[in-house]
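>>> Build the 3D model from these lines:
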Amino acid sequence: MKVTGKLTKTEGLLLAMTVVFLCVLAGMGRSAPPPVEEDGYSVRTSRSAEETVTPEPTPPVDVNTAGLEELDTLYGIGPALAQRIIDYREENGPFTSLEDLLEVKGIGEATLEGFRDHAVVGTGE
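I've put the predicted structure just below:
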């Protein structure tokens, strides 16, 4: 191998890539935060703790006096089913228990269980 003092294209390219790589490494070292030298440790975060929001408790829905919009708030009850509850109540009188709702077309055991804890049967007055 003859040493002429000139770099081949490949050697020049490798040298240039090495210089770029070393510059990138040097730049990364400068952007790192300084180490904390304390007895304990600290955690840095840019997020603040999320606030837990507890919803206000809603009073139970009286299926004998509730209107369409109020019945629609019950789990599994949409506007059409709410209207059927109202129609059934007007034709047959007030409900005497929540189980009476099973007589309304479209309400089955699963639907009733979905809103049981959020509904009551009042006097209908």
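>>> And the helices in the chain?
With DSSP state H as the criterion, the chain has helices at 9-31, 68-71, 79-92, 109-115.
>>> out of those, nearest to residue 102?
When the helices of the chain are compared by CB to CB, helix 109-115 sits nearest residue 102, at 6.3 Å. In this view, the C-beta of every residue, glycine as well, is placed from N, C-alpha and C.
>>> Just the local confidence number for the nearest residue to residue 108 once chain neighbours are set aside, please.
In space, and not counting its chain neighbours, residue 108 is closest to residue 102: 7.1 Å by CB to CB, 6 or more residues apart in numbering. For residue 102, the model assigns a pLDDT of 96.
>>> ok, now residue 5?
72.
>>> measure it to residue 11 for me?
As judged by CB to CB, to the nearest Å, residue 5 and residue 11 stand 12 Å apart.
>>> So which of the two has more stuff around it?
For residue 5 and residue 11, the more surrounded residue by other CB atoms under 10 Å is residue 11, and the numbers stand at 10 against 4.
>>> Tell me how far the more buried one lies from residue 82.
82 Å.
>>> Kindly report the same for residue 56.
Taken as CB to CB, the span from residue 56 to residue 82 is 22 Å.
>>> Which one of those two is surrounded by more residues?
residue 82 (21 against 5).
>>> Just give the closest residue to that one, not the sequence neighbours.
residue 71 (3.7 Å).
>>> Return the per-residue confidence for the one you found.
Model confidence at residue 71, given as pLDDT, is 96.
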